[in-house]
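[1] Just need the structure, nothing else, for what follows:
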Amino acid sequence: KLDSDYQIAQNLSHDLYSGYIAATLGSTNHNGQYNFQEQWVNATFDYAYTGIMAPWQSIHKIATEQELPEVDALATIVKVGGMHRIADTFGPIPYVNYGSSSLYDALDLVYNKFFEELDNAIEVLSNYVNGNVDAKLMSDYDCVYGGDVEKWVKFANTLRLRLALRVSNVDPALAQTQAKAALTDPAGLMQSQDDNMKQTPKRQYIAGGNENIYALLFSWTGNAVLSKEMERAYKNQALKEGAAADAVTFNENSENCYLDPRCEVLWFRPTPFDSLTTSPLPTENLKRDFNGVMNGETNVGGSYLNRYSANRCILSSDAMNKDYWWNLAREIVWMGYAESLFLKAEAALRWPSLVDETAEALYLKGIKASMDYYEIDADKANEYISHLDGVKAFAGGSKEEQLEQIITQKWIAVFPNGNEGWAEVRRTDYPRYLLAPVNGNNSNGEVASGKLIKRINYPNSESRNPNKPGNVNQGSRVWWDVTDTMNDRGQWHTPNNFR
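    Reported below is the predicted structural model:
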């Protein structure tokens, strides 16, 4: 049940809208074509309150009664980490006075509450650590950091910087204030892969425990397929001499570029599904080039994997193997060290006095950290990095040109976190590889033809709530999303992220 919940609550919406994967359902009657699916949207909205807000409320009450502010602080950080994803998905949500009111709070008020809660939680946990040098908190129940309070504070600071940059276009002053608080806190941001906020499947330590969703998707006849957007990103960041690309025409041949090594780690070349599930190892067709799918394509599914690239997975073993990244016991990172470096790179670009390194240096460190996470050989990583066309932007290019490079590589590194990928697509309008559904969308006019979806509709179950915002739909931008990604002709156009 948990795995299918994840599929309908995130994979069949955010993962598609971010451009990370393509739908393989073989029809146009689903979220991938912006066709509102009530059951799936219910899952996204309802689980936020039954799985995050209600448990937090219980912990908050008990921790307050027992005078355990550090437990309350830890629970609050988890709450903000989960609920900002819901706010970014729907816009206004019941949050500020949850438990005593069903009012929908405007998104700016929700974000102000996020910042207030993180500020208080960071202060409480910092004081707890300062008074207990070897402090551990809830270690028997903490499956992420094993009770290491310092790591929780680093995560909270990094989360605060993520949210600060989210509002940078709509409220630059608030963004700078919150970024400064995150960047100057003594605990700092995430500093290594050991600080990654990740979900570890129970299968790693309990027989029959829940599995990695992307391995399950693969087992369901290759349901996670490379998107055309990701293919473009892998093949167009480091072009060989003479291979031109622009905002309309992109290279699709691996021979014309220094292929991003992460592509070879995460995806198979087009190969029939039966060959990919042979034992002891998959039998991949190495003569084929990686190929992505455009959302809206109907000739998809297991029988078409000889055309498209399935996610690189091995089902016969739970042993971690960098040659077959996905398996049923592999963790998923929700916020990692690489993202922390890219956040800091953008902060250096916007507010250089707050950061002691250049945007370029942090951009390169972020790429290297992503390569290191995937255990990519140093020589292969360095070959790719040394040929990146985007580095030229840092030698006299505009801030907008530099930001494009930072966000594009951040978007690649944040995969497969579709929540964050989609939010950054809407905030910055990068990467330029984005595509509207092929052959148009089925949003019943809510999203204009050629435009990208901007939010998910509230579930019909909320129609009984008189406080639910009206006059908003899938084409309505949320508060921090200030402009459309595509022009009226359905083409990507250069945005303005420095107002």
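[2] okay, CA-based contacts and neighbour counts for the rest of this
    OK.
[3] quick one: contacts for Met371?
    Pro261, Arg262, Ala381 (CA atoms under 8 Å, 6 or more residues apart in numbering).
[4] Next, the contact list for the first one, please.
    Each residue near Pro261 by CA under 8 Å, 6+ apart is listed here: Met371, Ile376, Lys380, Ala381, Tyr384.
[5] Let's see that with 10 Å instead.
    For Pro261, the contacting residues are Tyr234, Met371, Tyr374, Ile376, Asp377, Lys380, Ala381, Glu383, Tyr384, by CA atoms under 10 Å, 6 or more residues apart in numbering.
[6] Out of those residues, which end up buried?
    Buried by 16 or more other CA atoms under 10 Å: Tyr234, Met371, Ile376, Ala381, Tyr384, out of the contacts of Pro261.
[7] Which of the residues you listed sits closest to Val124?
    Met371 (34.8 Å; CA to CA).
[8] what pLDDT, on average, does the helix or strand harbouring that closest one get?
    For Met371, the element it lies in under DSSP states H and E is helix 359-373. What helix 359-373 shows for mean pLDDT is 98.
[9] Only alpha carbons, please: show that helix as PDB.
    What follows is helix 359-373, C-alpha atoms only, in PDB (Å, rounded to 0.1, in the frame of the first residue of the first chain):
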ATOM      1  CA  ALA A 359      29.100  31.000  -7.500                       C
ATOM      2  CA  GLU A 360      31.300  29.200 -10.100                       C
ATOM      3  CA  ALA A 361      33.300  27.300  -7.500                       C
ATOM      4  CA  LEU A 362      30.200  26.100  -5.700                       C
ATOM      5  CA  TYR A 363      28.500  25.200  -9.000                       C
ATOM      6  CA  LEU A 364      31.500  23.000  -9.900                       C
ATOM      7  CA  LYS A 365      31.600  21.500  -6.400                       C
ATOM      8  CA  GLY A 366      27.800  20.700  -6.700                       C
ATOM      9  CA  ILE A 367      28.400  18.800  -9.900                       C
ATOM     10  CA  LYS A 368      31.300  16.900  -8.400                       C
ATOM     11  CA  ALA A 369      29.300  16.000  -5.300                       C
ATOM     12  CA  SER A 370      26.500  14.600  -7.400                       C
ATOM     13  CA  MET A 371      29.000  12.500  -9.400                       C
ATOM     14  CA  ASP A 372      30.500  11.300  -6.100                       C
ATOM     15  CA  TYR A 373      27.100  10.300  -4.800                       C
END
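[10] Show me which positions of it end up buried.
    In helix 359-373, counting by 16+ other CA under 10 Å, buried: 359-360, 362-371, 373.
[11] Equivalent analysis for stretch 230-247, please.
    Met230, Glu231, Arg232, Ala233, Tyr234, Lys235, Asn236, Gln237, Ala238, Leu239, Lys240.
[12] Number of residues surrounding Ile122?
    Counted with other CA atoms under 10 Å, residues neighbouring Ile122 total 25.
[13] show me the residues around it that make contact.
    Taking CA under 10 Å, 6+ apart, one finds 70, 73-74, 77, 128, 150, 152-157, 182, 185, 187 in contact with Ile122.
[14] can you check Asn251 too?
    Applying CA under 10 Å, 6+ apart, the residues near Asn251 are Glu231, Arg232, Ala233, Tyr234, Lys235, Asn236, Gln237, Leu239, Ala243, Ala244, Ala245, Cys257.
[15] Dump those residues to TSV, plus distance to Trp220.
    Converted to TSV, the contacts of Asn251 look like this (distance: CA to CA, whole Å):
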residue	distance to Trp220
Glu231	22
Arg232	26
Ala233	26
Tyr234	25
Lys235	28
Asn236	31
Gln237	32
Leu239	35
Ala243	37
Ala244	38
Ala245	35
Cys257	32
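[16] Among the residues you listed, find me the one that's closest to Leu305.
    Glu231 (15.2 Å).
[17] pretty sure that closest one contacts Val293?
    Yes: using CA atoms under 10 Å, Glu231 is in contact with Val293, at 8.7 Å.
[18] what do those two both touch?
    By CA under 10 Å, 6+ apart, the residues touching both Glu231 and Val293 are Ser309.
[19] And the pLDDT for Ser27?
    We have a pLDDT of 58 for Ser27.
[20] Return the distance of Ile456 relative to Glu229.
    Using CA to CA, to the nearest Å, we find Ile456 at a distance of 21 Å from Glu229.
[21] Filter the contacts of Ile122 down to the buried ones, ChimeraX style.
    Selection of buried members from the contacts of Ile122 for ChimeraX, criterion 16+ other CA under 10 Å:
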select :70,73,74,77,128,150,152,153,154,155,156,157,182,187
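[22] Show only the entries of the contacts of Ile122 found in strands.
    Counting by DSSP state E, the contacts of Ile122 place none of their members in strands.
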